[in-house]
Structure formats: structure tokens, C-alpha cells
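Participant: Sharing a model prediction with you, sequence too.
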Amino acid sequence: MNSVLIQNGRIITATDDYVGDILIRDGVIETIGRNLPAENAEIHDATDLLVFPGGIDAHVHMETPMGNGVYTCDTFESGTISAAFGGTTTIIDFAQQFHDDSPKAALDRRLAAAAPQCCVDYAFHVILTDVNPSSLGELPDLINNDGVSSFKLYMAYPGVLMVDDAAIFKTMRKAGSHGGMALLHAENGLVIQALIEEALEEGNTSPKFHQMTRPSLMEGEAAHRVIRIAELAEVPVYIVHLSAEEALAAVVEARDRGIHAFAETCPHYLFLDHSEYDRPDFEAAKYVMTPPLRDHHCQHALWRGLRFDDLQLVATDHCPFCFNENPLGILKSKQYGRENFNKIPNGAPGVELRLTLLYDGGVRTGRINLNRFVQLTATAPAKMFGLFPRKGAIAPGSDADLVLFDPNATHRISASNHHSLVDYSLFEGREVTGKVQKVFLRGRCIVDGEQWLGKPGMGEYLPRKASGRVL
Ligand code: URP
Ligand code: ZN
């Protein structure tokens, strides 16, 4: 039997904060106490360190096709190594159904690609782009047999990913009646398309027009609309990457009426604003993600939402493309859209920075406390997406996914020292306090300082239970 003992750490959960030892046997937490006997265990001293449950990033895009041959630049291997160094031990990625495609086939393709590569545990949301009786008919099996209980739908990108309101309603009804939940990319795609055409007709092709053609008002409109559709369908609904105050207002209004409306936001919306689009020399393309960065005042609203549980979790939407064409090629690079903002691959990196940024800019600034930090980064995602209490907890019987975190270590964020294949950071040069020291995946130490001890394929697929039901 394999035993690991983590001694004398300050154990932080979503509710607790105390000093103790954690005894792990065969990858599972067996006992938590004081002065536990070492009994031939591998010992890790956590004195002066915080011990968190391994982070769960519920929104990432590894080696993901974006159409036209464009792909995100992290593989499942590089992306999950990067996640691990950032204290994330579970990712939830996406399996996209194409037109005339089966959702189950989409899942199988992603499982085959992920299994030999993933270095942390993983699950998938399924993206539906072709909602018809056949694809809807697959949902009960996906939920009950394949462990996929969340289905993403796009209200943006007409002609590519967007589905109409009827498709959203039907998916909600079908998934909801079997314990599943719809996840929405909430932006009014048709109005945005009209604005994009208008900008291009006027010769406005620079990256800044990505932001100018995706107004926060149209995120608010879509959020409001989809929450009303969910209300009619009588199912929970979850809005991904919420960025705009107007969208948050729709969530708050619904929650105040007792509607099960949930939403995540991302570190870039909490720490950056639309002034990044004024950068010269195409540098602004680094910040082309959807939704775009918003006006500074939205940040205050988002922090308030996190504090008062109108926003339930923080995910990264890690969707990396290199800035430079070389060495990975134009199809993994922002340069693909050099001549036209509408062709810049949408997305930005961040899977390695979530815990550090949220600790430095959230806990240390007093915007959230340590328990809320754990809730937002691990416990809420586990509960929201059917992984609790195996994940997101430090408790006997839970997987021993643990992060030893030095709250006083100061370091400078840079693409030169992160582990993703992407060649830039949204936060280049930012000095932060708080650093991941060691990471355990099911009891195995996979990160020790700068040392990588994990290996490809050690991540396990996590079939999930119901989504949006246990909070
Ligand atoms: O910019 C982003 N978020 N890229 C991922 C695709 C999407 O829009 O959701
Ligand atoms: Zn995304």
C-alpha cells in the first residue's frame, strides 16, 4: 500500500482553516489529524504553507480546432503540464459536435486524443452545434452512461457555431430532465455580425475593432434572453466567461427571483480592461478573446459578484494561440488575422495563472477570503459539474489532489518561465505574491518547485454526475 503524509500544513477548504496532517493511502485521503504517525510514508513538510484542494478549471480548450485549419497551440500534454504547475489537477475541456455529427462520436474523438496525453484528471462538456432529434436523443445516454452532464451552446458566431433559441430551449428541456445542464456562450451573434460587417466595410480591420464590434450590451441581452428561456424550461442554466456588467445584472436579477442561473468569470476580466486594445503594432491581438475585455468599471461589478455568490466560479477559458507565427506555424498564431480582426483566432492563455492571480489580486487585496478562494477555484466547480466530493474537497475518501502553496513567495509572471507552448502572457511582467510549491494528483507528487514529476497519460477521465444541482 502506498502512503504519503503531508505534515503540518494550514489546511484550507471552502469552510475550514486549521493546521494539521493529511495521510494519503493509494491516492485517497485516509485521515486528517494532528501528529499522525509516519508509518513508512513518503513525507512532505508543509510547515508555513497553505494546503488547498487541487484546482478545477471548468473551461479550457486544448488542441481545439477553430475552423479553417486553425488550432489552439497547447496539446493535452503541454496544456495539462501547464495546468499542474498552476495548481490545477482537473480540467474540463470540450468535445465539439460538428454538423451532421454525433455528440457521442465527438466525445469519443476527444477521449482518444486526451487519454495518452493528459497529465491531470480530465472531463468534457459536449458542444452541440447541430441540435436535431437524433443528437438530442443521445443526451440521456451521454449523461447516464458517459458521464457528460453539461452541454455548451453558442448564441454567437452565426453560420459556424450559433444555434437558435428553439434549439437552446429543446436542449435545456432534454438535458435538464436527465440531470444535465446547458452552458451558454451568451452574446447576440446576429447583431455582432452586423457590426463586424459595418466595421469591415468602413475599412476598420485592426484588432481594436474586435472589442468595438462586441458590445457589452449584446452580452447582457443574450444573458437575459437565455435565462428567460431556462426559466420557461424550468432548468438550471450556466453562462460561461461572463465579462459584462449588463450580463451580470441579468444573472443577479434572476437569482434574486430564485431562478437557478449560474455563471463563471475569468481572470482576464477581473484584472485587465479594454485599454489593452490600444497597444500598437498588432500587439492588441494578444488580447483578442471573446467576450472582449471590458470597461474598467465592469471589474468592480465582477468582484462584487464573486464575493456575494452571483458568480459561482472562476475558470480560465484557456484558449491559447501564439503571437508569433514561428515555430508552431500560422495556423496556431494570432498572425492568421494580421490583415483582418475578424480572422484573429479568438482566445487567450491562462491555465497556469488562475490560482496565483486570484490569490494575489483577490485574497491579498481583501476582495475575497481564503475559503471563498477555494470555493471559487475547486469546490464550486466540483459541485457544479458533478465531481464532488471526489474532487474539490480535502476530506477522508476524497482524491488526494492537493496544492501546497507558499503565500509569501514573490515572483514575476512571464511567458519565459511558464509551461504552456504559447509564446506570450496576458500578464507579462506582473509581480505577484503567492506561488504553487508542490502539487499532488491522487497522492502522487507531480510538481515539486520547478521540477516536473508527472507523465503523459497519468490523468484519468472523470465521468461526472448531474450538473447544476448540488451547490
Ligand atoms: O475567445 C474565446 N473565448 N475563444 C474560445 C471560443 C469561444 O468564443 O468560446
Ligand atoms: Zn471558451
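Facilitator: Great, that's in hand. Ligands and ions are numbered 1, 2, ... in the order given.
Participant: quick one, what contacts the closest residue to ligand 1 within the stretch 51-200 of the chain?
Facilitator: Closest to ligand 1 within the stretch 51-200 of the chain is residue 185: 5.1 Å, counting by Cβ to the nearest ligand atom. C-beta: built from backbone N, CA, C; applies to glycine. By Cβ atoms under 8 Å, 6 or more residues apart in numbering, the residues touching residue 185 are 152, 153, 154, 155, 156, 161, 240, 241, 290.
Participant: Throw the residues you listed into CSV and include secondary structure, pLDDT and neighbour count, thanks.
Facilitator: Formatted as CSV, the contacts of residue 185 follow (DSSP: H, G, I helix; E, B strand; the rest coil; pLDDT from 0 to 100; neighbours: other Cβ atoms under 10 Å):
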residue, secondary structure, pLDDT, neighbour count
152, strand, 98, 21
153, strand, 98, 23
154, strand, 98, 22
155, coil, 98, 27
156, coil, 98, 24
161, coil, 97, 20
240, coil, 98, 20
241, coil, 98, 23
290, coil, 98, 21
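Participant: Kindly reformat these as CSV containing distance to ligand 1.
Facilitator: As requested, the contacts of residue 185 are exported to CSV (distance: Cβ to the nearest ligand atom, whole Å):
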residue, distance to ligand 1
152, 8
153, 11
154, 7
155, 11
156, 7
161, 8
240, 7
241, 6
290, 4
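Participant: Redo those as CSV? Include distance to residue 337.
Facilitator: Converted to CSV, those look like this (distance: Cβ to Cβ, whole Å):
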residue, distance to residue 337
152, 24
153, 25
154, 19
155, 22
156, 17
161, 17
240, 22
241, 20
290, 13
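Participant: Of those, which is the nearest to residue 339?
Facilitator: Sorting the contacts of residue 185 by how near they are to residue 339, with Cβ to Cβ, puts residue 290 at the top with 19.4 Å.
Participant: For the residue nearest to that closest one when sequence neighbours are not counted, the count of nearby residues, please.
Facilitator: Nearest in space to residue 290, with sequence neighbours left out and distances taken as Cβ to Cβ, 6 or more residues apart in numbering, is residue 346 at 4.5 Å. Close neighbours of residue 346, defined as other Cβ atoms under 10 Å, add up to 21.
Participant: Confirm for me that residue 346 is in contact with residue 320.
Facilitator: No: contact criterion Cβ atoms under 8 Å: residue 346 and residue 320 do not qualify, at 11.3 Å.
Participant: intersection of neighbour lists for those two?
Facilitator: By Cβ under 8 Å, 6+ apart, no residue touches both residue 346 and residue 320.
Participant: Tell me where the chain has helices.
Facilitator: Remark: helices assigned in the chain by DSSP state H are 76-85, 103-114, 133-137, 139-144, 165-176, 189-201, 208-212, 216-233, 245-256, 267-271, 296-307, 354-358, 370-374, 380-384.
Participant: Which strands and helices lie in contact with the first one?
Facilitator: Read that as helix 76-85. Counting contacts by 3 or more Cβ pairs under 8 Å, 6 or more residues apart in numbering; DSSP states H and E, helix 76-85 packs against strand 88-96, strand 431-441, strand 444-448, strand 451-452.
Participant: now the angle between strand 88-96 and it, please.
Facilitator: Using axes from the mean of the first three to the mean of the last three Cα atoms, to 10 degrees, the direction of helix 76-85 lies 140 degrees away from that of strand 88-96.
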